[in-house]
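**Q** Structure for this input, please:
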Amino acid sequence: MHILLLFLDGIGLGDDDPSVNPFAIAHTPTLHLLSNGQRWLRSTGRQDNDLAGFLPTDAQMGVPGRPQSGTGQATILTGRNVPQIIGEHYGPKPNAATRAILAQDNFFMRVTRQGKKAALLDAYPEGLHHDIARGKTLRSSIQQAAHEAGQPMFGMDELKAGAALTPEWTGKSWHQYLGLTDTPIYTPREAGRQLVILSRNYDFAMHSHWMTDWVGHRGPLERGVELLELFDEVMAGVLESWQPDEGLVIITSDHGNMEEIGNRNHTENDVPTVVIGNRKADFARDFHALTDIFPRMAALLGV
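**A** Coordinates of the predicted model:
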């Protein structure tokens, strides 16, 4: 049994408003399969079918204010209500108190301490590696969790070797925006199939995508639609390759944002969690909040 956790930063369940919400207008037939043919909206509610469970998920967790990436991601990977512990939603990067919680225990650490294998499958450009090493920028909570477990961040070597994918899955952005034209490009479906192939090398594999949050803050709406339609094709590749009895594919987020383009702040909406695989009913039972992801993953892997 193994887990592939697909994280999309800043996607919430918003109104059926085509003027601001790309989820209301994007052509995403694969995502709709995961939610009984319905769009991913506030009105969708909890859904279940033979393929997947669709679980609206509380990202606020009883703490006033707008959920943030630093504490939301840390909650997913520790199972602890991090904003409640530190007294606020904090982000985008983890503050010292959040980093201390991640250093005590997180899912990457839990897996590797049990002699199992875990990996963050993202490759990052050399500039980010240098900025982190020089102290110019902090790791995200997801990157920090993997770091605490002793995993170096993947880079150009792993990307060229086919052992990692870029955060936007296909590698096209590295060519288009970074000028790194000697790195591989995948079609979205190929990227989805590659995620599954790579996940089989580990007991726990995670891929983190941040562009949804970036577009949520800046727009335009059309770019949000493009990202969702790209992810829909990635998920088509995942479903083509994933066998229901090999574990769980989990999709989740840390806070709402892209469902309300034009609002420069995060939302207080629930986020979608989707679980795919034969053990999805065990995962979905009594599931309500971001704090519930960690213990269900731990139960599946026996850690």
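
**Q** which ones are touching His129?
**A** Met153, Gly155 (C-beta atoms under 8 Å, 6 or more residues apart in numbering). C-beta here means a position set from N, CA and C on the backbone, and glycine is covered the same way.

**Q** Helix or strand: which one has it?
**A** According to DSSP states H and E, His129 maps onto helix 126-133.

**Q** list the helices and strands the next helix or strand after that helix packs on?
**A** On the C-terminal side of helix 126-133, the closest following helix or strand by DSSP H and E is helix 141-148. Counting contacts by 3 or more C-beta pairs under 8 Å, 6 or more residues apart in numbering; DSSP states H and E, helix 141-148 is packed against helix 69-78, helix 96-104, helix 107-113, strand 118-120, strand 204-209.

**Q** ok, residues contacting helix 141-148?
**A** Taking C-beta under 8 Å, 6+ apart as the rule, helix 141-148 contacts 7, 69-74, 77-78, 93-94, 98-99, 102-103, 106-109, 118-120, 138-139, 153, 206, 208.

**Q** And the buried ones among the residues you listed, selectable in ChimeraX?
**A** To isolate the buried ones among those in ChimeraX, judged by 16 or more other C-beta atoms under 10 Å, type:
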select :7,69,70,71,72,73,74,77,78,93,94,98,99,102,106,107,108,109,118,119,120,138,139,153,206,208
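
**Q** okay, how far is it across stretch 166-182, tip to tip?
**A** By C-alpha to C-alpha, to the nearest Å, the extent of stretch 166-182 from end to end equals 13 Å.

**Q** Provide a list of residues in contact with Ile76.
**A** Counting by C-beta under 8 Å, 6+ apart, Ile76 touches Phe7, Thr252, Asp254, Leu290, Ile293, Phe294.

**Q** which residue packs closest to the last one, ignoring adjacent ones?
**A** The shortest distance from Phe294 to any non-neighbouring residue, by C-beta to C-beta, 6 or more residues apart in numbering, is to Gly79 (2.9 Å).

**Q** what separates the one you found from Tyr124, distance-wise?
**A** According to C-beta to C-beta, to the nearest Å, Gly79 and Tyr124 sit 26 Å apart.

**Q** quick revisit: keep only those of the contacts of Ile76 that are in helices.
**A** The helices, defined by DSSP state H, take in Ile293, Phe294 from these.

**Q** Which single one of the contacts of Ile76 is nearest to Leu165?
**A** The shortest approach to Leu165 among those belongs to Phe7, at 12.9 Å (C-beta to C-beta).

**Q** now the residue nearest to the closest one when sequence neighbours are not counted: how far from Val20?
**A** Distances taken as C-beta to C-beta, 6+ apart put Ser208 closest to Phe7, at 4.6 Å, once the chain neighbours are dropped. According to C-beta to C-beta, Ser208 stands 25 Å off from Val20.

**Q** that older thread, restricting to C-alpha, output the helix holding His129 in CSV.
**A** Provided in CSV are the C-alpha atoms of helix 126-133 (Å, rounded to 0.1, in the frame of the first residue of the first chain):
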residue,chain,number,x,y,z
GLU,A,126,18.8,26.1,-9.0
GLY,A,127,18.0,29.7,-8.1
LEU,A,128,15.6,28.6,-5.4
HIS,A,129,18.2,26.1,-4.0
HIS,A,130,20.7,28.9,-3.8
ASP,A,131,18.3,31.4,-2.2
ILE,A,132,17.4,28.8,0.5
ALA,A,133,21.0,27.9,1.2
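
**Q** Contact partners for Gly219?
**A** By C-beta under 8 Å, 6+ apart, the contact list for Gly219 reads Ile261, Gly262.

**Q** Kindly report the same for Phe54.
**A** Leu34, Ser35, Asn36, Trp40, Thr44, Arg46, Gln47, Asp48, Pro272, Thr273, Val274.

**Q** now do 10 Å
**A** By C-beta atoms under 10 Å, 6 or more residues apart in numbering, the residues touching Phe54 are 13, 31, 34-36, 38, 40, 44-48, 251, 272-275, 284.

**Q** Which residue, other than its chain neighbours, is closest to Ala103?
**A** Glu148 (5.2 Å).

**Q** Give me the neighbour count for the nearest residue to His2 once chain neighbours are set aside.
**A** Among residues not flanking His2 along the chain, Gly247 sits closest, at 4.3 Å (C-beta to C-beta, 6+ apart). Neighbourhood size, Gly247 [other C-beta atoms under 10 Å]: 24.
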